[in-house]
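S.K.: model this:
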Amino acid sequence: MVSCLSNAVLGSTQPQQLFLSTLGTLRNLDPYVASVKARVLSGHQNQTGCGAVANGDGVAFYCKHDQKIYVSSNLLSTVEKSFGSSAVRYLAAHELAHGRQHSVTGFSKDIVWSSVLDELQADCIAGAYLRLAYGYTPGSTQGNEVRQFAYNIGDHDYLSNDWHGNPRWRVAAVSRGMRTGDPAGCLSSKRFNYGSLVDTGAEMLRQRRQK
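M.R.: This next block holds a predicted model:
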């Protein structure tokens, strides 16, 4: 794992260490995300592979252009303080899940207007990662911590192209992953690929027009 902590880091480094160590553990479990790196941001002006981040104090995202996870130091501290260490691990697992999507299925947002399918799938994969690496289940103390965090970050912004899913959907998705412990069971396998769906649809349309 590669992290960048060159800027002054505010607050405790413990949540950052937990986030990065979790990524390291999960990367070793899944060869599809072995090349994903991470950078911890601080301050209010940061350049990333996906452009400038105006407020580095409140972001966590996967950038497909450089296969890197960006997360702010203050966000990690806030998450740990408000929801516990298992929530920090869930955040790491969720962002790494986007790396698996990038490698295996592609992103639904590239062919539809909303990111909600990608986000719910990432929740499911994250739950599977946490089950595999740490034994989290929906009914365990750690699993309940994850579910509570997932519920609190759910939103009802249905008309936004960045909609992440409502609270109950997010809890259901991550719970499914924790029950199965199988990332492929979250429709995340080479058998399912958004790019191939587009190609197949185009070919079917071409054949139909020729009839």
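S.K.: now do the helices in the chain.
M.R.: Ranges of helices in the chain, per DSSP state H, are 14-29, 73-83, 85-104, 116-134, 141-153, 167-180, 194-210.
S.K.: state the distance from residue 41 to residue 69.
M.R.: Distance of residue 41 to residue 69, computed by C-beta to C-beta, to the nearest Å: 11 Å. Placement of C-beta: from N, CA and C, glycine included.
S.K.: repeat for residue 35
M.R.: In terms of C-beta to C-beta, residue 35 sits 12 Å off from residue 69.
S.K.: likewise residue 32?
M.R.: 14 Å.
S.K.: again with residue 51
M.R.: Residue 51 is 15 Å from residue 69, by C-beta to C-beta.
S.K.: just give the number of residues close to the nearest residue to residue 166 once chain neighbours are set aside.
M.R.: Using C-beta to C-beta, 6 or more residues apart in numbering and skipping residues adjacent in sequence, the residue nearest residue 166 is residue 154, 5.0 Å away. The tally of other residues near residue 154 (other C-beta atoms under 10 Å) stands at 19.
S.K.: tell me the pLDDT of residue 154.
M.R.: Each residue has a pLDDT score; the one for residue 154 is 94.
S.K.: just to revisit the earlier point, out of residue 32 and residue 69, which sits in the busier spot?
M.R.: A direct count of neighbours by other C-beta under 10 Å for residue 32 and residue 69 places residue 69 higher, at 26 against 19.
S.K.: quick one: pLDDT of that one?
M.R.: pLDDT, residue 69: 98.
S.K.: and residue 109, by the same measure?
M.R.: At residue 109, pLDDT is 89.
S.K.: about what we covered before: list the contacts for the residue nearest to residue 166?
M.R.: Contact partners of residue 154, counting by C-beta atoms under 8 Å, 6 or more residues apart in numbering, are 164-171.
S.K.: let's see that with 7 Å instead.
M.R.: Residues near residue 154 by C-beta atoms under 7 Å, 6 or more residues apart in numbering: 164-167, 169-170.
S.K.: measure it to residue 168 for me?
M.R.: In terms of C-beta to C-beta, residue 154 sits 7 Å off from residue 168.
S.K.: on that earlier part again, residue 55: which of the helices of the chain is closest?
M.R.: With respect to residue 55, and counting by C-beta to C-beta, the nearest of the helices of the chain is helix 73-83 at 9.7 Å.
S.K.: mind checking how far that closest one is from the chain centre?
M.R.: 17 Å (C-alpha atoms, centre = their mean, to the nearest Å).
S.K.: packing partners of that helix?
M.R.: helix 14-29, helix 85-104, helix 141-153 (3 or more C-beta pairs under 7 Å, 6 or more residues apart in numbering; DSSP states H and E).
S.K.: state the pLDDT value of residue 6.
M.R.: 29.
S.K.: same check, this time on the one 3 residues further on
M.R.: We note a pLDDT of 34 for residue 9 in this prediction.
S.K.: same thing with the one 5 residues further on?
M.R.: Here, the pLDDT recorded for residue 14 equals 94.
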